[in-house]
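S.K.: My questions are about this predicted structure, shown below with the sequence.
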Amino acid sequence: MENIAIIGIGMIPIKANYKTHNFADMAWETVNAALADAGISIKDVDNVITTSNDFWDGRTISCMAVGDASGVREKNCSCVEGDGTFGAFYGMARILSGSYGTTLVTGHTKGSESISSLITNAAFDPIYERALGPDMISGCAMQARAYMEKHGLTSRQTALVSVKNHGNAKHNPYAQLPMDISVDDVLASEMIADPLRKLDCSPVSDGCCAIILANEEKAKKLCKKPVWVKGAAFTSDAYFLGDRDLADPRSLVAAAKKAYAMAGITDPTKQIDIAEVYDAFSYQELMWLEGLGICEPGQAASLLEKGDFAVNGKLPVNASGGLLSGHPVIAAGLYRIAECVRQLRGEAGAVQKDGAKTAVAQGLNGVAGQSHCVWVLGADK
Amino acid sequence: MEQDLSKVTPLVYESRIGVPYNWWAGKTASRFFETIAHDKKLAATKCDKCGKVFVPPRKTCPECFVDTNSWVSLSGEGTVVTFTVVTRKLAALGKRNPPVIFALIRPDGADTAMLHILDNIAPEKVHTGLAVKPVFSENPKGHITDISHFEPV
């Protein structure tokens, strides 16, 4: 496969409510930040992928409304509905087709503008499920119980993810919820859907992120410090929650296996320096780390307690503060990629992992992680 | 005209989208609801290739990518695979008031679990593995609430 690089990233701070920006305003600021970061102009962008969700935007084919701000005029622009990591995969595939040298990928959401419980309720089957009233939180709460009971985990153990990530966010100027909290604070927070308490759940957020991908020729020509895509893969599981073993993230295991094979990673526990995973809920960080092969199933909680995933630990996880500290759905996975790029370029400031060479970023789609997209990124080609 | 936007107060435009839909359930789901109305049983499909029994029934086996051509009838009695007790008034609950107990229930004879609501049990008494049975509505309307809820056997 031809080498692909990330030559620019753009993020805006994640906020509970961007009163000053509509979603196109957010895209405008983010796209320009990514172009500036890459040191290129919109003329150097060969094609554009936007990622968005029409229900969240409250607009039919809302990608059409974000095009002007994303510089699509007279360019081939396409849209992905889903997490930004899936949009980035499409953007990469377009370069690999040979038709384009560079792709701009954006993702945006304004969770503040609607009611996320109703939006995610509409992800459930309208004939068999929706009228019962499930949403993302209650669906994931059932997954949390399945996972925790399978491995004998306690709420005290999963709460530690929230403590770590909110603490890490104190060093991230883009994070929405930097907080000094304790495990007891998490356990004292409002129970929303047993076993998930308020501080086990990511907040509703506004945000936008953009990345610019390039083939090797363009990357070398345009960029001083490209970050290389070593592997990328995504796979899906069954739609209905009851068809899946919710405690076994088998589509993540499959995606990681494919991405690692591309990247030449045979022992992820030793060959990965940093991970940014989709911690929409505290338990998910642990479950996804296991699915990514960073530890054995059921072992992530005890390694977290040992400090392995702390900023100064063996393999820092969500050093940025993760989604628990700000969760702009759709853009979320692109933020994970962008945070890995910052680490691999040595620009992560107080949370920088010294000498980070290889990072893994994860995005997901669907209720309780139906599909997963895994990216392995490298400082070296 | 003032060129500086710093003194502008951003406005919020309040609106809503309300679009009626008619979702055709298809023949497979229609049989599920017909069977509830006529027999007070759960109709399930079976994959002839892997032998898995699916409830709620669907036309395609997600594992084998083939039609699920065979039908079996289940009483609906089964076990709780996992559950949650919702205690916040989440908007998706609509007219239901918390606590609401959502569960994935695997009916005896099925290989999948179905989402539904548990009732007639104190939330703290619910546990995985609990044996439950469906309670059917007196006035079936071809709707998932034709199963009113599940409750302990």
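M.R.: On my side now, so go ahead.

S.K.: what sits opposite the residue nearest to the spatial centre of chain B in the beta ladder?
M.R.: Centroid-nearest residue in chain B, with CA atoms, centre = their mean: B:Leu115, separated by 4.0 Å. With DSSP bridges as the criterion, B:Leu115 is bridged to B:Leu104.

S.K.: what sits against the spatially most central residue of chain A?
M.R.: Compute the mean C-alpha point of chain A, and by CA atoms, centre = their mean the closest residue is A:Gly333, 2.2 Å away. Contacts for A:Gly333 (CB atoms under 8 Å, 6 or more residues apart in numbering or on different chains) come out as A:Asp83, A:Gly84, A:Thr85, A:Phe86, A:Ala88, A:Gly107, A:Tyr278, A:Ala361, A:Gln362, A:Gly363, A:Leu364, A:Cys373. C-beta coordinates here come from the backbone N, C-alpha and C atoms, glycine included.

S.K.: can you give me the strands in chain B?
M.R.: With DSSP state E, the ranges of strands along chain B come out as B:42-46, B:53-54, B:70-74, B:78-86, B:100-107, B:114-118, B:131-136, B:147-152.

S.K.: As a markdown table, these with distance to A:Ser325 and mean pLDDT would be great.
M.R.: What follows is the strands of chain B, written out as a markdown table (distance: least, CB to CB, whole Å; pLDDT from 0 to 100):
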| stretch | distance to A:Ser325 | mean pLDDT |
| --- | --- | --- |
| strand B:42-46 | 43 | 98 |
| strand B:53-54 | 39 | 97 |
| strand B:70-74 | 45 | 97 |
| strand B:78-86 | 24 | 98 |
| strand B:100-107 | 27 | 98 |
| strand B:114-118 | 30 | 98 |
| strand B:131-136 | 39 | 98 |
| strand B:147-152 | 38 | 98 |
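
S.K.: Which residue does the stretch 151-300 of chain A have closest to chain B?
M.R.: Closest residue of the stretch 151-300 of chain A to chain B, CB to the nearest CB: A:Gly242 (3.4 Å).

S.K.: isn't that residue right next to B:Phe102, touching?
M.R.: No: taking contacts as CB atoms under 8 Å, A:Gly242 lies outside contact range of B:Phe102: 11.4 Å.

S.K.: Between these two, which contacts overlap?
M.R.: Joint contacts of A:Gly242 and B:Phe102 (CB under 8 Å, 6+ apart) are B:Leu115.

S.K.: can you give me the strands for the stretch 1-150 of chain A?
M.R.: A:4-11, A:47-51, A:76-80, A:102-110 (DSSP state E, counting those that start in this stretch).

S.K.: which of those strands is buried the deepest?
M.R.: Of those, the one with the most neighbours on average (mean count of other CB atoms under 10 Å in any protein chain shown) is strand A:102-110, at a mean of 29.

S.K.: Strand A:4-11 and that one, what's the angle between them?
M.R.: With axes from the mean of the first three to the mean of the last three CA atoms, to 10 degrees applied, the angle from strand A:102-110 to strand A:4-11 works out at 30 degrees.

S.K.: Quickly run through the sheet partners of strand A:102-110, with directions.
M.R.: Sheet partners assigned to strand A:102-110 using DSSP bridges are listed as strand A:47-51 (parallel), strand A:206-215 (antiparallel).

S.K.: Relative to A:Ala36, which of the ones you listed is closest?
M.R.: strand A:206-215 (10.7 Å; CB to CB).
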